[in-house]
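In: What would the 3D arrangement of this be:
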Amino acid sequence: MFEVIVIALLMIITGLLLHINSKLPARDRVQEAMGRDRDRRDSQNQSRDR
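Out: Coordinates of the predicted model:
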């Protein structure tokens, strides 16, 4: 009986997380990472030039 309750709770939590995730705006993770890398590279070059 305990296992059934645990599995049911896991399914409910998974459903809630998927529902929350579907409401978040889509993100372009590759574009974000490239922007971070470019910014980091630029800041390192500026500190080296000083």
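In: least trustworthy helix or strand in the protein by mean pLDDT?
Out: helix 29-49 (a mean of 88; mean pLDDT, DSSP states H and E).
In: For that helix, buried residues please.
Out: When neighbours are counted by 16 or more other C-beta atoms under 10 Å, no buried residue of helix 29-49 is found. From N, CA and C alone the C-beta is placed, and that goes for glycine too.
In: and that helix, how far from the chain's centre?
Out: 20 Å (C-alpha atoms, centre = their mean, to the nearest Å).
In: try stretch 2-15
Out: Centre to centre, stretch against its chain (C-alpha atoms, centre = their mean), the figure for stretch 2-15 is 24 Å.
In: how close does the most centrally placed residue in the chain get to S22?
Out: Nearest to the geometric centre of the chain sits R29, at 8.5 Å (C-alpha atoms, centre = their mean). The spacing between R29 and S22, counted by C-beta to C-beta, to the nearest Å, is 17 Å.
In: and what of A8?
Out: 21 Å.
In: So the two - more neighbours on which side?
Out: The neighbour comparison of A8 against S22 (other C-beta atoms under 10 Å) goes to A8, with 10 against 7.
In: Got the phi and psi for that one?
Out: phi -60, psi -40 (degrees, to the nearest 10).
In: switch to numbering from 812
Out: Done: numbering now begins at 812, and the last item shifts to A819.
In: where does it sit relative to S854, distance-wise?
Out: 50 Å.
In: Quick one: mean pLDDT for stretch 825-834?
Out: Average pLDDT, stretch 825-834: 96.
In: For L820, give its distance to F813.
Out: Taken as C-beta to C-beta, the span from L820 to F813 is 11 Å.
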